[in-house]
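Participant: Quick one: sequence and predicted model below, then my questions.
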Amino acid sequence: MKKNIFTLILAVCMGFVSTANAEVDATKAEDFIKTTTAKGVEQIINANVSQQEKDKRFYDLLNGALDMDFIGQFVLGRNWRTATAQQRKDFINVYRDLNIATWSKRFNEFKGKNFVFKGTSPSSSKGQVFVNTIVPMDQGEPAKVLWRVREKNGNYKIVDIVIEGVSLAQASRSEYTAFIKNNAGGIDALIKNLNEKLAQQKTK
C-alpha cells in the first residue's frame, strides 16, 4: 500500500543532514525540492479545480521539475545509443505523458500528507545530490523518499526518486531493457506499447 501510494510521486515531481557532494549547493537543491513539493500540494492536491485543470498544472510541474532528456537516456540505457533522434523524442514524449495520465487522477491520495525534510546526502554521481524526506503514514512507519537532484549551469532538476530503497528510474530501465530484448520491434515496439498504455489510461 505504502509503495503504491508513493509511486505516484514520480508524476507529481515532488524531497536527509547536509553533507552533499561539494560540487552541488545542497541548500539550493533542498530548496528546489521544497518549492516543487509545495506547488504540488497547494496548486494541485488541495486546489478546488477541475481534474482537467489539475492535469494541466501537473504537466507544467512535471516538465519544470524533471530533466526528461537525462532520465530518458538513463531509462533506455544502452538502447539510447542506437536509437534515432526521432525514437528518442517519441520515447521521452510518451514516457512523460504516460506518467502524467497514470498518476494525476490519483493525486487526491496525497491529501493530508506532508513531506518532512531531513537534509541531504552525497551522491557518487558528479553534479548530483540526494534530498531526503519522510512522509508520515496513517499507519506504520513513515515512508522514506529520496530525491536525486542534478545541478547543471545553476539549474536544478530531479533525475530520480528512490522510494523505500527502490529507484523508480532503475525499475523503468530494467523493465524497458527486458521488453526491447524480448520484442523484435525493439525501441519502436516499446514506444507503441507505451502509447497503448497511455490510450488506456485516458479512457479510465
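Facilitator: Everything's here; your move.
Participant: By mean pLDDT, which helix or strand of this structure comes out lowest?
Facilitator: One helix or strand of the chain scores below all others by mean pLDDT, DSSP states H and E: helix 9-12, with a mean of 42.
Participant: Just the CA coordinates for the following helix or strand past that one, please, in PDB.
Facilitator: Later in the chain than helix 9-12, the nearest helix or strand by DSSP states H and E is helix 26-40. This file holds the C-alpha atoms of helix 26-40, laid out as PDB (Å, rounded to 0.1, in the frame of the first residue of the first chain):
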ATOM      1  CA  ALA A  26      22.900  21.200  -1.100                       C
ATOM      2  CA  THR A  27      20.900  24.100   0.300                       C
ATOM      3  CA  LYS A  28      19.700  25.200  -3.100                       C
ATOM      4  CA  ALA A  29      18.900  21.600  -4.100                       C
ATOM      5  CA  GLU A  30      16.800  21.100  -1.000                       C
ATOM      6  CA  ASP A  31      15.100  24.500  -1.500                       C
ATOM      7  CA  PHE A  32      14.200  23.400  -5.100                       C
ATOM      8  CA  ILE A  33      12.500  20.200  -3.800                       C
ATOM      9  CA  LYS A  34      10.700  22.200  -1.100                       C
ATOM     10  CA  THR A  35       9.400  24.600  -3.700                       C
ATOM     11  CA  THR A  36       8.300  21.800  -6.000                       C
ATOM     12  CA  THR A  37       6.500  19.800  -3.400                       C
ATOM     13  CA  ALA A  38       4.800  22.900  -2.100                       C
ATOM     14  CA  LYS A  39       3.500  23.700  -5.500                       C
ATOM     15  CA  GLY A  40       2.200  20.200  -5.900                       C
END
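Participant: Helix 26-40 - what's its average pLDDT?
Facilitator: Helix 26-40 shows an average pLDDT of 92 in the prediction.
Participant: ditto for stretch 149-169
Facilitator: 91.
Participant: and it, which residues are buried?
Facilitator: 149-151, 156-163, 167-169 (16 or more other C-beta atoms under 10 Å). Placement of C-beta: from N, CA and C, glycine included.
Participant: could the residues you listed be laid out in CSV, adding secondary structure and distance to F91?
Facilitator: Formatted as CSV, these follow (DSSP: H, G, I helix; E, B strand; the rest coil; distance: C-beta to C-beta, whole Å):
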residue, secondary structure, distance to F91
V149, strand, 23
R150, strand, 20
E151, strand, 25
Y156, strand, 24
K157, strand, 18
I158, strand, 18
V159, strand, 16
D160, strand, 17
I161, strand, 19
V162, strand, 22
I163, strand, 23
S167, strand, 19
L168, helix, 16
A169, helix, 14
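Participant: Quick check: the farthest pair among those residues?
Facilitator: For the buried residues of stretch 149-169, the farthest-apart pair by C-beta to C-beta is E151 and I163; their separation is 22.1 Å.
Participant: Which residue ranges of the chain form strands?
Facilitator: For the chain, the strands defined by DSSP state E occupy 116-122, 128-135, 143-152, 155-163, 166-167.
Participant: Give me the angle between the longest one and strand 155-163.
Facilitator: Taking axes from the mean of the first three to the mean of the last three C-alpha atoms, to 10 degrees, one finds that strand 143-152 is oriented at 150 degrees with respect to strand 155-163.
Participant: Who does strand 143-152 pair with, and is each partner parallel or antiparallel?
Facilitator: strand 128-135 (antiparallel), strand 155-163 (antiparallel) (DSSP bridges).
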